[in-house]
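Participant: model this:
(one chain, ligands or ions: 1)
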Amino acid sequence: MKTVLITGANSGIGFATVQLFLDNNYKVFAHYNQNRNSLESLDNKNLFLVKANLLYMNETEELFKEVMKETERIDVLVNNAGLYMSADTDKDLSIEAFDEVLNVNLKAPFILSKMFIHIMKNFSSGKIINISSIGVKYGGSYSSMFYTISKAALESLTLSLAKEGSKYNILVNAIRVGVTDTDIHKINKNKNMNDRVELIPLRRMAETKEIAEQILFLSSSKNSFMTGSIVTVAGGE
Ligand SMILES: NC(=O)c1ccc[n+]([C@@H]2O[C@H](COP(=O)([O-])OP(=O)(O)OC[C@H]3O[C@@H](n4cnc5c(N)ncnc54)[C@H](OP(=O)(O)O)[C@@H]3O)[C@@H](O)[C@H]2O)c1
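Facilitator: Numbers count the residues shown, from 1 in each chain. Predicted coordinates for the structure are as follows:
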């Protein structure tokens with residue numbers, strides 16, 4: 001049975017990914033931070049919940065250790081957890097806020113990837129999928145620049161890891177996710193989602209399962225040659 005760790009797994013894209021991987025007979029380590037209610041509603045013997053606040057590097061390292069207590073190998077790492085931040089004023093664009101966004105969106109994926117690649121090397125096999133954003137294509141807005149910068153750097157990290165991983169058959173890719181129907185959009189109350197959807201050629205948001213299907217493909221044995229790719233799943237944007 002293959003094993004996967006999915007971060008940010010209690011809601012949105014992460015939760016849909018958990019469900020899809022369980023349906024495909026993976027043993028799933030589902031990471032959560034504040035809430036675990038959706039995960040608890042899944043009654044499945046192949047599901048293991050692990051808590052960590054990815055703002056803190058020591059908790060991120062602890063997450064790795066907790067997973068490795070339960071398994072000797074991990075086949076797939078999905079760095080999905082993401083912190084979106086939109087500043088109301090220039091004062092909100094503080095160094096502290098910048099650090100928080102970078103910690104969750106960039107440094108935690110870096111730490112987890114580095115630690116899990118070390119394990120994957122022993123088996124000459126592994127997949128890492130980083131969840132980026134279509135915002136990177138457009139530069140994002142001024143108020144949410146920390147988020148967009150973190151995702152641009154995550155894409156850069158993906159390319160670096162893919163180079164190292166390719167020596168050991170570890171394939172590393174990122175998905176540039178377009179507007180998807182999740183709670184992350186509730187954070188910016190000033191954003192008019194109808195206007196935003198009008199910019200998407202398909203004229204609708206993605207459903208979480210549509211993103212999860214792409215994550216599953218990149219994780220599966222069907223993907224044997226794609227690495228260092230930034231895949232856009234954004235309805236034509
Ligand atoms: N939805 C979109 O339109 C869209 C577009 C582009 C990219 N994305 C990316 O897709 C990924 C999933 O987001 P989503 O749309 O599914 O939204 P979501 O349901 O709000 O999921 C975000 C997840 O990140 C976790 N997270 C946030 N801060 C954390 C922290 N300090 N420590 C640990 N976990 C933390 C949250 O866990 P807690 O709630 O427990 O803190 C939550 O599970 C994110 O990386 C996001 O940037 C989404």
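
Participant: quick one: the lowest-mean-pLDDT helix or strand in the chain near the ligand?
Facilitator: Here the helix or strand of the chain ranked lowest by mean pLDDT, DSSP states H and E is helix 193-198, holding a mean of 92. No. Judged by C-beta under 6 Å from any ligand atom, helix 193-198 stays clear of the ligand, getting no closer than 9.1 Å. Every residue, glycine included, has its C-beta placed from N, CA and C.

Participant: likewise stretch 164-177?
Facilitator: Yes. Residues of stretch 164-177 contacting the ligand under C-beta under 6 Å from any ligand atom: V177.

Participant: what's the offset of that stretch from the middle of its chain?
Facilitator: 14 Å (C-alpha atoms, centre = their mean, to the nearest Å).

Participant: Same check on stretch 76-85?
Facilitator: 3 Å.

Participant: model confidence over it, on average?
Facilitator: Average pLDDT, stretch 76-85: 98.

Participant: Kindly check the end-to-end length of that stretch for me.
Facilitator: Using C-alpha to C-alpha, to the nearest Å, the span of stretch 76-85 from its first residue to its last is 28 Å.

Participant: And for stretch 211-225?
Facilitator: 20 Å.

Participant: re the thing from before, with just CA atoms, put the least confident helix or strand of the chain into PDB.
Facilitator: Taking C-alpha atoms only, helix 193-198 is exported to PDB below (Å, rounded to 0.1, in the frame of the first residue of the first chain):
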ATOM      1  CA  MET A 193     -15.700  36.700  -6.700                       C
ATOM      2  CA  ASN A 194     -18.300  37.200  -9.500                       C
ATOM      3  CA  ASP A 195     -15.900  39.700 -11.200                       C
ATOM      4  CA  ARG A 196     -13.000  37.400 -10.600                       C
ATOM      5  CA  VAL A 197     -14.800  34.400 -12.200                       C
ATOM      6  CA  GLU A 198     -15.600  36.600 -15.300                       C
END
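
Participant: Cheers, nothing more for now.
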